[in-house]
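# fold the following.
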Amino acid sequence: MLDIVVIVVGVGLIVGEVWFFLGPKTRTREAPPAQGGGVQEIQIRVRGGYDPATVFVEAGRPVRLLFFRDETAECSERVVFDEFGIDQELTAFDTTPVSFTPKDPGDYPFFCGKRILKGHVVAQVGREAARQNLGRGHAKHG
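Coordinates of the predicted model:
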């Protein structure tokens with residue numbers, strides 16, 4: 001009986017460790033300030049998911065997301081924004097801009113063509129609202 005308990009606990013620890021290191025990471029990023037209400041531009045790395053997966057922007061201002069597809073996986077070859085009628089092909093190892101303007105505050109999901117990889121743009125009123133809800137940021141990738 002003790003052997004079974006040890007095996008079950010061991011398998012559980014292995015599964016937890018694999019999930020911790022290889023599971024999806026949720027990151028956020030706020031659009032940088034733009035002069036005179038200009039375009040909010042954010043880079044998103046596509047590799048087994050979107051990094052960052054959550055992007056905070058100001059509602060009513062144009063947004064340009066720069067998707068860098070850092071892989072050749074079939075699932076990541078498209079990005080879809082249903083709310084904006086966008087279904088954009090992403091070239092492997094290249095940056096593809098996707099532009100839209102979220103006129104109203106809200107949550108605008110995006111996903112891969114197979115709806116496996118998921119992310120969302122959170123449009124809020126005013127820059128301060130976006131800053132207050134921003135989680136821990138991460139280093140900009142190039």
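# give me the most central residue, this structure.
When Cα atoms, centre = their mean is applied to the chain, the residue found nearest the centroid is A53 (1.9 Å).
# under the pLDDT cut-off, which ranges of the chain? List them.
Applying pLDDT under 70 to the chain flags residues 18-37, 127-142.
# show me where this structure has strands.
28-30, 40-46, 50-51, 54-58, 63-69, 78-81, 86-89, 95-100, 106-112, 118-124 (DSSP state E).
# just checking: what are the partner strands of the third one?
With DSSP bridges as the criterion, the sheet partners recorded for strand 50-51 are strand 40-46 (antiparallel).
# before we move on, back to that, for the residue nearest to the centre of the chain, which non-adjacent residue is spatially closest?
Using Cβ to Cβ, 6 or more residues apart in numbering and skipping the chain neighbours, the partner closest in space to A53 is G119 (4.2 Å). Using the backbone N, CA and C atoms, a C-beta is placed for each residue, glycine as well.
# who's in contact with the one you found?
Taking Cβ atoms under 8 Å, 6 or more residues apart in numbering as the criterion, G119 is in contact with 44, 49-50, 52-55, 109-111.
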